[in-house]
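# Model the following, please.
(one chain, ligands or ions: 1)
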Amino acid sequence: MWRARAHIELACVAVTAAALCLALSGCGVATRAGAQPAARSVRVTERDFRISGPRTLTAGNVRLDVENQGPDQHELLVARVGGSATLPLRSDGLTVDEERIQAAEVGSLEPGAPGARRQLNLRLAPGRYVLFCNMSGHYLGGMHLDLVVR
Ligand SMILES: [Cu+2]
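Sure, this is the predicted structure:
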């Protein structure tokens with residue numbers, strides 16, 4: 001008999017604690033959701049030889065929803081740049097020197113097939129960025145987009 005009573009009292013404590021939790025919305029899932037808000041999704045499209053997307057964004061988490069409209073394969077790199085939005089080229093004169101801007105790179109997608117749609121999650125601090133494709137000749141062909149994050 002006392003066992004059953006103890007069990008009921010424990011259940012009451014558990015229910016009360018859960019109710020208190022919800023009332024304060026200070027524990028469990030509510031806290032985690034508050035600390036990491038769902039990423040905004042913004043559309044970026046690539047095609048020969050152009051990148052279209054937002055030119056300004058507010059700082060924070062963002063998910064780039066990247067669609068390759070082809071007809072060629074395209075990759076996407078995102079680099080934070082200083083005063084100049086012009087990126088250094090390799091000695092081949094056809095591609096950006098990724099080693100020299102490695103520290104500034106905040107995210108990238110490998111080459112994707114025409115028609116592919118991929119996501120790239122980024123945490124963007126305020127600053128100036130360039131989105132570009134570094135397949136041979138594509139950057140010089142116009143596949144770059146300036147982005148300002150405030
Ligand atoms: Cu490309």
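
# tell me the contacts of Leu109?
Each residue near Leu109 by C-beta atoms under 8 Å, 6 or more residues apart in numbering is listed here: 66, 75-77, 118, 120. For glycine as for every other residue, the C-beta is placed from the backbone atoms N, C-alpha and C.

# okay, now the spatially closest residue to it that is not a sequence neighbour: neighbour count?
Nearest non-adjacent residue to Leu109, counting by C-beta to C-beta, 6 or more residues apart in numbering: Leu76, 4.5 Å away. Other residues lying near Leu76 total 25 when counted by other C-beta atoms under 10 Å.

# And Leu76, its phi and psi?
With angles defined as degrees, to the nearest 10, Leu76 sits at phi -140, psi 130.

# just checking, it touches Leu120?
Yes. Using C-beta atoms under 8 Å, Leu76 is in contact with Leu120, at 6.6 Å.

# Which neighbours do these two have in common?
64, 66, 108-109.

# Save those residues as JSON lines, and put in pLDDT and secondary structure too.
Formatted as JSON lines, the shared contacts of Leu76 and Leu120 follow (pLDDT from 0 to 100; DSSP: H, G, I helix; E, B strand; the rest coil):
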{"residue": "Leu64", "pLDDT": "98", "secondary structure": "strand"}
{"residue": "Val66", "pLDDT": "98", "secondary structure": "strand"}
{"residue": "Ser108", "pLDDT": "98", "secondary structure": "strand"}
{"residue": "Leu109", "pLDDT": "98", "secondary structure": "strand"}
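
# Now which of those would you call buried?
Applying 16 or more other C-beta atoms under 10 Å to those, the neighbour count classes 64, 66, 109 as buried.

# Is the second one in contact with Val44, as I believe?
So the one you mean is Val66. Yes. Assessed by C-beta under 8 Å, Val66 is found in contact with Val44 at 4.7 Å.

# anything in contact with each of the two?
Joint contacts of Val66 and Val44 (C-beta under 8 Å, 6+ apart) are Leu76.

# Cool, thanks, signing off.
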